[in-house]
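> got a predicted structure here, sequence first:
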Amino acid sequence: MKFSVDKQDGLVVYELLEDKLSSLNAPVLKSELVLANAEGFKNIVIDLDKVRFVDSSGLSALLTGHRLCKDEKGIFALCGLNDATKNLIKISQLQEVLHIYSTQFDAVDAINSKKKK
């Protein structure tokens, strides 16, 4: 799986550079999220701007990230979702559970604002 990682002060941003988040690459993302959490990052942003398709395995990887951050009282945010991914989240009734932002800037800004409180 191709992705970029930007580790900031208490926050890590993953920008996925694949067009699919599926059973073929979701385990790699899950492993990365577990490693980031083990390194002490409790706030994670996943930028899905380049992702055009997410299957149930991809959704499971995202939910793993959400659980890891929630367990550490952190924030797991998604951004750059296309309509198909938004619909998958809506159908799965997760729109009220996941933190979803339009852009990476918005997601990082929201987390940084909440960290200051």
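Nice, thanks for sending it over.
> what mean pLDDT does stretch 90-97 have?
Averaged across stretch 90-97, the pLDDT comes to 94.
> now the end-to-end length of that stretch.
10 Å (C-alpha to C-alpha, to the nearest Å).
> contacts for that stretch, please.
59, 63, 66, 86, 89 (C-beta atoms under 8 Å, 6 or more residues apart in numbering). (C-beta placed from N, C-alpha, C; glycine too.)
> any idea whether the second one is helix, strand or coil?
If I follow you right, that is residue 63. Assigned by DSSP: H, G, I helix; E, B strand; the rest coil, the conformation of residue 63 is helix.
> how many residues are close by the residue nearest to it when sequence neighbours are not counted?
Spatial nearest neighbour of residue 63, excluding adjacent residues (C-beta to C-beta, 6 or more residues apart in numbering): residue 94 at 7.6 Å. For residue 94, the neighbour count with other C-beta atoms under 10 Å is 16.
> ok so, going back, out of the contacts of stretch 90-97, who has the most neighbours?
Busiest of those [other C-beta under 10 Å] is residue 66, holding 22 neighbours.
> contacts only, for residue 85.
Residue 85 sits next to 48, 51, 53-54 when contact means C-beta under 8 Å, 6+ apart.
> I'd like to know how far the residue nearest to residue 63 sits from residue 35.
As for residue 94, its distance to residue 35 is 24 Å (criterion: C-beta to C-beta, to the nearest Å).
> hmm, back to that, where's the residue nearest to residue 63 relative to residue 59, distance?
On the measure of C-beta to C-beta, residue 94 and residue 59 end up 8 Å apart.
> and if you look at residue 36?
19 Å.
> which residues of the protein fall in strands?
3-8, 11-16, 20-21, 43-47, 53-54, 76-79, 99-101 (DSSP state E).
> quick one, which of these is packed in tightest?
strand 43-47 (a mean of 25; mean count of other C-beta atoms under 10 Å).
> what does that strand contact?
10-16, 29, 33, 36-37, 62, 65, 68-69, 74-80, 104, 107-108, 111, 115.
> apply 6 Å and report the result again.
Residues outside strand 43-47 that contact it (C-beta atoms under 6 Å, 6 or more residues apart in numbering): 10-15, 65, 69, 74-80, 104, 107, 111.
> much appreciated, bye for now.
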